[in-house]
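Here's a sequence, model it:
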Amino acid sequence: MTVDIYGIRHHGPGSARAVLAALDEHPPDLVLIEGCPELDAVVDLLGEEGMVPPVAGLVYAVDEPRKATFYPLARFSPEWVAARWALARGVPVRFLDLPATHAFALADEAEQVQADPVDQVDDDLPPAPPPERLDPIGTLAAAAGYDDAERWWEDAVEQRYDSPAERFDVIREAMASVRSADTRPDADPDVHANARREAWMRKVLRSEIKAAPESRIAVVCGAWHAPALVPADFPSVARDQALMAKLPRTKVAAAWTPWTASRLSYSSGYGAGVGAPGWYQHLFDHLTRDEADPRDLATTWLVRVARTLREEKLDASTASVVEAARLAETLATMRGRPSVGLSELDDAAQAVLCEGSRLPLDLVHERLVVGTDLGTVPESAPVVPLAADLARQQRSLRLKPTASVQEVHLDLRLERPLVRSVLLHRLQLLGVGWGELSDTGRTTGTFKESWTLEWRPELAVDLVEASVWGTTIAAAAAARAADRAVRSADLTELAALVSTCLTADLPDGIAAVLEALDARAAVQHDVPALLSTVEPLARTCRYGDVRGVDTQRVRTVLGATVVRACVGLPMACASLDDEAAQQMVTAVAGAHRGLSLLADADLDEAWAQALESVSAPDHVAGAVAGRATRILLDAGRLDADTTAHRMGRRLSLVASAPQAAAWLDGFLAGDAVLLVHDHDLLGLVEEWVVGLDETTFEDLLPLVRRTFSQFSRAERRTVGEQLSRLDGPDEGPAGESLIDVTQAMPALRAVAGYLGWKVVDRDGAA
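The predicted structure is shown next:
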């Protein structure tokens, strides 16, 4: 029996090259890879042609899909290299880490303990800081005199060309030294979790050794675990069994999902990431070439940098590439590095190719150093039905998911763009954020939509989680909308949900939401809540024909809601404090905007009567009465004389000054046109302000200033000029005209030209 322990760094190109060479030199009869054994059921898919990295093994809890673990694999990952090597030669390959069925259950128990600690001694004491995690690579780098652990690992491991067997022996010895110097107690959660995992790994190894004593086994695992998996140094079976006793369970499932280059830098199931996947891929490709020359590494990379700069319309000559390569090699020598690294290449490219500027280099960094690769999985790979339906629609609609951000502009008058819009809206309703609607105004009322699409690997978990609602996107979205409607008591949320179902073309969802909305509104006595539903429902009715859907049921619910709100408005506006009054003003303004979209005579009449009932009485809050009066004036329901009479009564000295200021604020509502063109109203405002005593004026100044601050600077200046002319609008103090005819003449001639008139000055000249 022979067990070869290959301690690697996850996503390490040098480790991947060494594993490949070691497997070729000592072909095993079985390959064991660090990872949860649930992946054994889908590991054969790694050998199929349709499996293109980066990909990730996805293991999730069936009952709670949000609890999931990813195991990313790139072409330069040692695990990928080992699995592909074994599958290509018919060698069995399996995973030997702690099963996810136990890991998820243990994590749940740990969360419960943290949420409800039973050993809390003193509640007044601050919580203990989390235990410090040991960084073995950082420890070794510091011992070697490096302040950058990544650079040390790249120098010591990734870019070495010595014997793979010797390298793995050295790594195992180094990690054994770090482990022996680890002073963390066994009770530390991190230490205990690692001990349990390693106990399970040894259990798998013992089982395989017992099953085939004469076989050769290759174990590919993280470098930290390598010393613990040497059979000669195994602890007793009883000790390992004690660590694995009575492990809880939960139901899990496994699948493969596409991954992206940018997400390789995130910690995941392996707890490791790389900041430059594109560079590591280049390094791996270079290292695995036949007769690879380390001196070509800088040149080939800088050629790619120059090509990318040219694609960005920036100059990058061949001579500059040669000069930059020489500079990078010189920098590596001066810094004592065994080979050129990414930092030397970046410095050289910035100095030579970018003429000292970092900006052009940052321009190509994401495309080159990180990369925009998105992996694929074969169609035979197991996926939830919802994900399969999405993939089918993506193919039929030619919406290929990509790792890079793409803008999609849709014309809803055309069939295919409309179907694309429907799909994206349904995914948003399900919580699958593949697309984000760009800020293009109220897109419901236009024929255009703009979306920003970016496929992220975690969306695979969102699809699994959303699959509880149905097996197709349409059915799942409708069921999700119906569930939200049943659970929600917020009329505003329900009204918005109606619009969402409309844009997502979910007739069943609209019916369920409208039924819930109608039922909630029938027993709702909160008038602002009723009013808040009017605008979204009215917009849905107004623009429903854009998407070719029937909105008659929506209009029926809207009509009933408006009637209920109109009946309850007078009572709801009595005895309101300042905060409640502002809420009512906002609700009234929103409802009016919504009704303005419909031009429904019956609803407009009911609404006007309701506003009239709250605009005249003195007991109605000033802000509400002022806003209602202004709406009626603009709609032609009040004449100027009646409006002036009501303003005069509200701004009289016998009225409450704060309520008068609130009435004025509601009446003006950010629009100075009335004060500019109606001198009577402006005079009433001036008379009220002048009549205030000093103390009252100081108290009301913030409110009055807030009211007038909503006007533009030009409007405020015009109001001031009008105030100066109230006693004589067209003449100064000595009878002199305030109108400068000379300055006004060009404008007069232009207007006269439009009207076909002829302008003659005082001298009779045209």
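
and the closest residue to residue 471 other than its chain neighbours, how many neighbours does it have?
In space, and not counting its chain neighbours, residue 471 is closest to residue 385: 3.9 Å by CB to CB, 6 or more residues apart in numbering. Glycine gets a C-beta too; all of them are placed from N, C-alpha and C. The number of residues packed near residue 385 is 13, by other CB atoms under 10 Å.

Residue 472 is in contact with residue 385, correct?
Yes - in this structure, residue 385 is within contact of residue 472 by CB atoms under 8 Å, at 7.4 Å.

where do the strands sit along the stretch 451-600 of the chain?
Assigned by DSSP state E, counting those that start in this stretch, the strands in the stretch 451-600 of the chain number zero.

the domain parsing of this structure - what is it?
Taking automatic domain parsing as the criterion, the chain consists of the domains 2-120+167-265, 293-370, 385-469, 737-766.

Out of those domains, which gets nearest to residue 613?
Nearest to residue 613, of all those, is domain 385-469, at 30.9 Å by CB to CB.

Just the endpoints, please. Distance across that closest one?
In domain 385-469, first residue to last residue: 11 Å (CA to CA, to the nearest Å).

returning to what we had before: any chance of the domains of the chain in JSON lines, plus distance to residue 143 and mean pLDDT?
Shown next, in JSON lines, are the domains of the chain (distance: least, CB to CB, whole Å; pLDDT from 0 to 100):
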{"stretch": "domain 2-120+167-265", "distance to residue 143": "9", "mean pLDDT": "87"}
{"stretch": "domain 293-370", "distance to residue 143": "16", "mean pLDDT": "87"}
{"stretch": "domain 385-469", "distance to residue 143": "36", "mean pLDDT": "84"}
{"stretch": "domain 737-766", "distance to residue 143": "83", "mean pLDDT": "71"}
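
I'd like these laid out as CSV, including distance to residue 283.
Shown next, in CSV, are the domains of the chain (distance: least, CB to CB, whole Å):
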stretch, distance to residue 283
domain 2-120+167-265, 5
domain 293-370, 7
domain 385-469, 21
domain 737-766, 71
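
among those domains, which is nearest residue 607?
domain 385-469 (21.0 Å).

Distance from the closest one to the middle of the chain?
14 Å (CA atoms, centre = their mean, to the nearest Å).

now swap in stretch 471-482 and tell me
The answer for stretch 471-482 is 22 Å, by CA atoms, centre = their mean.

quick check: mean pLDDT across it?
Confidence for stretch 471-482, expressed as mean pLDDT, is 90.

Name the residues that touch it?
385-386, 389-390, 393, 423, 426-427, 429-430, 466-467, 469-470, 497, 500-501, 504, 506, 508-509, 512-513 (CB atoms under 8 Å, 6 or more residues apart in numbering).

hmm, which of those residues are the buried ones?
Buried positions within the contacts of stretch 471-482, assessed by neighbour count (16 or more other CB atoms under 10 Å), are 386, 389-390, 393, 423, 426-427, 429-430, 466-467, 469-470, 497, 500-501, 504, 506, 509, 512-513.

just to revisit the earlier point, the contacts of stretch 471-482 in helices, which ones?
385-386, 389-390, 393, 423, 426-427, 429-430, 466, 497, 500-501, 508-509, 512-513 (DSSP state H).

rewinding a little: of all the domains of the chain, which lies closest to residue 535?
Closest among those, once you apply CB to CB, is domain 385-469, at 10.8 Å.

Strands of the stretch 151-300 of the chain, start to end?
According to DSSP E, counting those that start in this stretch, the strands that the stretch 151-300 of the chain contains are 216-222, 252-258.

Work out which residue lies at the spatial centre of this structure.
residue 433 (7.4 Å; CA atoms, centre = their mean).

Could you report the separation of residue 660 from residue 329?
Distance, residue 660 to residue 329, by CB to CB, to the nearest Å: 82 Å.

Comparing those two, which shows the higher neighbour count?
The neighbour comparison of residue 660 against residue 329 (other CB under 10 Å) goes to residue 660, with 25 against 21.

If you count contacts, what does the helix or strand the more buried one falls within end up packed against?
Assigned by DSSP states H and E, residue 660 falls within helix 657-668. The helices and strands touching helix 657-668, judged by 3 or more CB pairs under 8 Å, 6 or more residues apart in numbering; DSSP states H and E, are helix 578-596, helix 622-634, helix 640-650, helix 679-691, helix 694-709.

can we see that at 6 Å?
helix 622-634, helix 694-709 (3 or more CB pairs under 6 Å, 6 or more residues apart in numbering; DSSP states H and E).

in the shortest one, what counts as buried?
Looking back up the chat, that one is helix 622-634. 622-633.

need these in a markdown table with pLDDT, can you?
Output for these, formatted as a markdown table (pLDDT from 0 to 100):
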| residue | pLDDT |
| --- | --- |
| 622 | 79 |
| 623 | 82 |
| 624 | 85 |
| 625 | 84 |
| 626 | 81 |
| 627 | 83 |
| 628 | 87 |
| 629 | 84 |
| 630 | 80 |
| 631 | 83 |
| 632 | 85 |
| 633 | 80 |
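
got the CA positions of stretch 69-84 in CSV?
This file holds the C-alpha atoms of stretch 69-84, laid out as CSV (Å, rounded to 0.1, in the frame of the first residue of the first chain):
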residue,chain,number,x,y,z
THR,A,69,-21.3,25.8,-0.4
PHE,A,70,-19.5,26.3,-3.6
TYR,A,71,-16.3,24.5,-4.7
PRO,A,72,-14.9,26.5,-7.5
LEU,A,73,-12.6,25.0,-10.1
ALA,A,74,-10.5,26.7,-12.7
ARG,A,75,-8.2,25.2,-15.3
PHE,A,76,-5.3,26.0,-13.1
SER,A,77,-6.9,24.4,-10.0
PRO,A,78,-5.0,21.3,-8.7
GLU,A,79,-8.3,19.6,-8.0
TRP,A,80,-9.5,20.1,-11.6
VAL,A,81,-6.2,18.8,-13.0
ALA,A,82,-6.3,15.7,-10.7
ALA,A,83,-10.0,14.9,-11.5
ARG,A,84,-9.5,15.3,-15.2
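
any idea how far that stretch is from the chain center?
28 Å.

that older thread, out of the domains of the chain, nearest to residue 557?
Taking the domains of the chain one by one with CB to CB, domain 385-469 is closest: 17.5 Å.

neighbours around residue 26, how many?
Residue 26, neighbours per other CB under 10 Å, totals 13.

helices or strands up against the strand or helix carrying residue 303?
For residue 303, the element it lies in under DSSP H and E is helix 296-311. Helix 296-311 sits against helix 318-334, with contacts defined as 3+ CB pairs under 6 Å, 6+ apart.

what does the helix it packs on contact?
298-299, 302-303, 306, 340, 344-345, 348-349, 352-353 (CB atoms under 6 Å, 6 or more residues apart in numbering).

quick one, that helix and helix 296-311 angle?
Using axes from the mean of the first three to the mean of the last three CA atoms, to 10 degrees, the inter-axis angle of helix 318-334 relative to helix 296-311 is 140 degrees.

Now do the buried residues in helix 318-334.
Quick answer for helix 318-334 (16+ other CB under 10 Å): 320-321, 323-325, 327-329, 331-332.

do the same with stretch 178-198
178-179, 188, 194-198.

Tabulate the residues you listed (CSV), appending distance to residue 529.
Formatted as CSV, those follow (distance: CB to CB, whole Å):
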residue, distance to residue 529
178, 63
179, 63
188, 53
194, 54
195, 57
196, 53
197, 54
198, 59
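
which of those residues sit farthest apart?
178 and 196 (19.7 Å).

The longest helix along the chain: how far from the chain's middle?
Taking DSSP H as the criterion, the chain has its longest helix at helix 189-211. Centroid displacement of helix 189-211 relative to its chain, using CA atoms, centre = their mean, is 39 Å.

Since that was my last question, I'll sign off now.
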